[in-house]
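> got a structure for you, letters missing:
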């Protein structure tokens, strides 16, 4: 794995973890769900809302891109 692929993985993991923990707290606090439905619901919410990061090799070298449902199109990251 290249340096940018590792960075993309860590960004993806970090964003998912933040959204998963937040969603788990909100679901547990404000709904009547019990047992395994709480983490399952938080997983689905985190998966759908987390931005997607990907490292792509272009003619100018390797670049990091992000796509998110709240943004139009694909954005190049540094």
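Arrived safely. What you are looking at is a predicted structure, and each value in this text was computed from that prediction instead of being measured.
> Run the chain-centre distance for the helix or strand harbouring residue 43.
Secondary-structure assignment from DSSP states H and E places residue 43 in helix 37-49. How far helix 37-49 lies from its chain's middle: 11 Å, per CA atoms, centre = their mean, to the nearest Å.
> could you say what helices and strands that helix packs with?
helix 3-30 (3 or more CB pairs under 8 Å, 6 or more residues apart in numbering; DSSP states H and E). In short, each C-beta sits where N, CA and C put it, glycine included.
> Next, name the residue at the spatial heart of this protein.
Nearest to the geometric centre of the chain sits residue 50, at 3.0 Å (CA atoms, centre = their mean).
> got a list of what that one touches?
12, 15-16, 19 (CB atoms under 8 Å, 6 or more residues apart in numbering).
> related to what we said a few turns ago, how about the helix holding residue 43: buried residues?
38-39, 41-42, 45-46, 49 (16 or more other CB atoms under 10 Å).
> What is the burial count for residue 19?
Residues near residue 19, counting by other CB atoms under 10 Å, number 19.
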